[in-house]
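Novice: here are the coordinates; sequence isn't available:
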């Protein structure tokens, strides 16, 4: 017997129509690539998303056709999220930080038919356009009069000229909620990139659940700043979550330096900001270096890589709560978040920071476990480290074009992370499985070693990597970027570990570098460091 | 093309399993009918819900079979929510405040096969049992040794003896998420009661969305007290929302007087409480009359009938936020909630109270409109009153056993309420359509007139009803229960309206009564008052 409730599919078009109707006057503010601020409302955004949907129809674009974007966070990119997915096509966000040949590979794998880009990426687009035969329509995200002549890109039109002729009214199709809506490629360090194909259902369930009070806590009373790019796993879902909360959005465009981000937060009275640790490091340096304070910011969501306790401490000291989140392209992305339970209410500040330094507890809808090499579940004791597996309605089942390959293990997605889970359900990543340091049959967590180093006053950035060792198989080497004006020594940094970890976990040596290579998604490229230092001499 | 995400149905069993695994040690505290407090954890609740599921299987109960409950808010009732729905049956909550003949009618309409009740309702059950031929199994929610002898109820067993033999492990069926999960009858003032049949999908979507920060704002950091009975539209979804947040639950049992509720809030450090205005009136009287304060309470959700501004003011003066909610049995129930938008941040306190006095804005998933008698949508101007229609994935499509009747109007559910919507999307109920006072072609909102009366220091309760009038068709009469120790006069109360409403809206007369009849769901029974005072002489 079925229930007798109304049958409404969960569709991405519902989000923008809800915001247009119930939060019509709420603002969306965007820093444009020209540097100025653009402001309009959810009602305006909906009207323009509908014009875009008509424009896609007018191209004769089939359902599920892929529309690529290469753009910063801004209002036109936001409209693409809704006009493309809402009309039944698939919005495919490209990461401009990828090498051109990888971009070409991805566009061809996705068979993108329309390609929309910010003019700042014109040189990159010129370099790849000829190698993207599936793309039939090129759109520059600008006014008609800003379109350069002689780009060499066939049929290039401006976004504004393209959508202008079309009606601001549109009947969004009532799609199957399991239809494909968005596509995002993982930038695997090995092998070709793999596409994750989100559905309307997975996107809405993720957006609603991620918005809960113990998650992103989105509210119409505040303003959210997605510093995380919209080409990183759909901006962590914020471009979907904000309209459903009726929350003001502030898009930073390409200006992600500490000063620009700080000034935007203050000018637009941002209450919640989300981004990766490297961006927050720049912001904190600017704020602390200039004796500034936050007048509106109440919450940051930090993810993409592990958050050092020193960063959590710095934000909290300025009255800003930290949600340390964990997720992947394959998990839409939010899987866990470190938010307190009532049992933590009585802890002192340092103990609270230790809780928040973990990747946190599963949000409702996600389940997780850690398993040993034979696939047996390990206890939730905060010590037993194993491969982390997750499942849920916004976790991948198969990669795009690889539906014939078996990805899941008994229904669980193997994340490639190594983690522990404690008795309160707080998960902590100890490593990527490929970054674990195996010394004398024991595992050393490179992340633990890095987090301690980040607490040293002379360390700006640190990576801990395995170096081959004749006796112990592997031993840890610490690679450090010193803070400007400091000259730490290896002996001093090694001594800093005394009493913080077991003696055998202390790095055998420390090397100092000017920079640590960062990949397209903001993560340290340890594989490059391992290659560079594989013959580094260690004491035997 | 479908997305490639994992396929998990949204099931009620997911909620309790999530809480058992990720919030295992979080507490559920219940005031029992014996008066003492019972405490256990989500892990315990899950184990006992699984035992119950086995016990239902052992009865040979078919999928979708109805299991009735007649019980206060407590841990066994909570287990019934999960064991019954989770195993594929339908939990049917009965309202013990209904007249016995209506209960009998409902049980027979629902064809309940199992009937579980608190021992305090034994006299009522004895009176109806023989008239409920579909019920094959009677269960008293008590220990085996508390079961009275010679009840006359055939085969009566105690809940504890019934579930004890069964395993605490259970493989919940992977049901169709649209399968029926719960049944609740509306107590219509005319005609027979009508059943609303919720699905797993509607229940989960409602629970997640209602829990958002601008809604019930449920969090694992707090403790929730559902004073609203679990037999009123599933306790407004809180028994589902709390496990998904990992939030401590405090169940008040039958002790709903001001002193008991206050002491429970303080003893268990409740942060969020939900109930109807009459309960809060008793609580506020106790707190104010004894010079007390709340040490933990931060938020109340008030619904079931319109909340007088004086109540909002009183709570806020004690540091307690008010969420004024609106909904119906047919809407699961949450449709709207009056929570602030960023545009309200600068308002002064009285202006804020005026915002909160409206029934509020739609939560995501719900859409609403007001229409004129011809069905044309009226403007959102805060003045144009019309019939309120709603739609969404947790709004009824048809009543139980009446799937052949057309209930919706072009896909919208007609609520029977008359309302306005303002330009910010805030809806305000001006009346039930049957309670509107039609005077000289104009409508007078009985709720407006009552709210003003409730602001008078000598008024404990007020109802405004239409009295037939030879010239104006109908005129308003105010029926008042004075506060103890006060003796207000009709002239004084009529004068109280000066400057607050138009002259022609002021009640023609005021009558004083000892009590206003309250129905089974806590609402004033104005139809009884209209009958009683239909010949009340008015000035012509």
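Specialist: That came through fine. The model shown is predicted, which means the values in this text are computed figures rather than measured ones.
Novice: Tell me which other helices or strands the host helix or strand of residue A:263 touches.
Specialist: In this structure, residue A:263 sits in helix A:258-267 according to DSSP states H and E. Judged by 3 or more CB pairs under 8 Å, 6 or more residues apart in numbering or on different chains; DSSP states H and E, helix A:258-267 is in contact with strand A:223-226, helix A:277-289. (C-beta placed from N, C-alpha, C; glycine too.)
Novice: Next, the angle helix A:277-289 makes with that helix.
Specialist: Interaxial angle, helix A:258-267 versus helix A:277-289 (axes from the mean of the first three to the mean of the last three CA atoms, to 10 degrees): 80 degrees.
Novice: follow-up on the earlier one: packed most tightly, which of the helices and strands packed on helix A:258-267 would that be?
Specialist: strand A:223-226 (a mean of 25; mean count of other CB atoms under 10 Å in any protein chain shown).
Novice: How about it and chain B, touching?
Specialist: Yes: using CB under 8 Å from any CB of the partner chain, strand A:223-226 comes into contact with chain B via residue A:223.
Novice: Give me the mean pLDDT for that strand.
Specialist: Regarding strand A:223-226, the rounded mean pLDDT is 98.
Novice: The helix or strand following that strand near chain B anywhere?
Specialist: Using DSSP H and E, the helix or strand that follows strand A:223-226 towards the C-terminus is helix A:238-245. Yes: on the criterion CB under 8 Å from any CB, helix A:238-245 is in touch with chain B at A:244, A:245.
Novice: what sits up against helix A:238-245?
Specialist: A:12, A:15-16, A:18-19, A:23, A:42, A:78, A:81, A:203-204, A:206-208, A:210-211, A:216, A:218-220, A:224, A:226, A:228, A:230, A:234, A:247-249, A:274, B:212-214, B:364 (CB atoms under 8 Å, 6 or more residues apart in numbering or on different chains).
Novice: redo that, cut-off 6 Å
Specialist: A:15-16, A:19, A:78, A:81, A:207, A:210-211, A:218-220, A:224, A:226, A:249, B:364 (CB atoms under 6 Å, 6 or more residues apart in numbering or on different chains).
Novice: nearest to residue B:531, of the residues you listed?
Specialist: Looking at those and their distance to residue B:531, the nearest is residue B:364, at 41.6 Å (CB to CB).
Novice: What count of nearby residues applies to the closest residue to the closest one other than its chain neighbours?
Specialist: Using CB to CB, 6 or more residues apart in numbering or on different chains and skipping residues adjacent in sequence, the residue nearest residue B:364 is residue A:244, 4.3 Å away. The tally of other residues near residue A:244 (other CB atoms under 10 Å in any protein chain shown) stands at 25.
Novice: Can you give the strand pairings for the helix or strand following the helix holding residue A:263, parallel or anti for each?
Specialist: Sequence order places strand A:272-275 as the next helix or strand after helix A:258-267, per DSSP H and E. Sheet pairing of strand A:272-275 (DSSP bridges) gives strand A:223-226 (parallel), strand A:299-302 (parallel).
Novice: Give the helix, strand or coil label for the closest residue to residue A:52 other than its chain neighbours.
Specialist: Distances taken as CB to CB, 6+ apart place residue A:83 nearest to residue A:52, at 3.1 Å, with adjacent residues excluded. Three-state assignment for residue A:83 (DSSP: H, G, I helix; E, B strand; the rest coil): helix.
Novice: any idea which element residue A:46 lies in?
Specialist: Using DSSP H and E, residue A:46 sits in helix A:42-58.
Novice: tell me the mean pLDDT over that helix?
Specialist: The average pLDDT for helix A:42-58 rounds to 98.
Novice: Now do whichever helix or strand comes after it: which elements does it pack against?
Specialist: Sequence order places strand A:66-70 as the next helix or strand after helix A:42-58, per DSSP H and E. Contacts defined by 3 or more CB pairs under 6 Å, 6 or more residues apart in numbering or on different chains; DSSP states H and E place strand A:66-70 against strand A:90-93, strand A:114-117.
Novice: What is the burial count for whichever residue of the stretch 401-540 of chain A sits closest to chain B?
Specialist: Chain B sits closest to residue A:425 of the stretch 401-540 of chain A, with a gap of 4.2 Å, by CB to the nearest CB. By the measure other CB under 10 Å, the count of residues near residue A:425 is 21.
Novice: returning to that earlier point: pull out the buried positions in the helix holding residue A:263.
Specialist: A:258, A:259, A:260, A:261, A:262, A:264, A:265 (16 or more other CB atoms under 10 Å in any protein chain shown).
Novice: now swap in stretch A:178-185 and tell me
Specialist: A:178, A:179, A:180, A:181, A:182, A:183, A:184, A:185.
Novice: what sits up against that stretch?
Specialist: Contacts for stretch A:178-185 (CB under 6 Å, 6+ apart): A:12, A:64, A:85, A:90-93, A:106, A:193, A:195-201, A:203, A:233, A:329, B:1-3.
Novice: got it, and stretch A:215-235?
Specialist: With CB under 6 Å, 6+ apart, stretch A:215-235 has contacts from A:73, A:77, A:93, A:95, A:184, A:210-211, A:236, A:238, A:241-242, A:245-250, A:252, A:268-275, A:279, A:301, A:329, A:333, A:337, A:363, B:213-214, B:340-342.
Novice: for stretch A:120-127, same thing?
Specialist: Counting by CB under 6 Å, 6+ apart, A:33, A:70, A:96, A:100, A:117 sit against stretch A:120-127.
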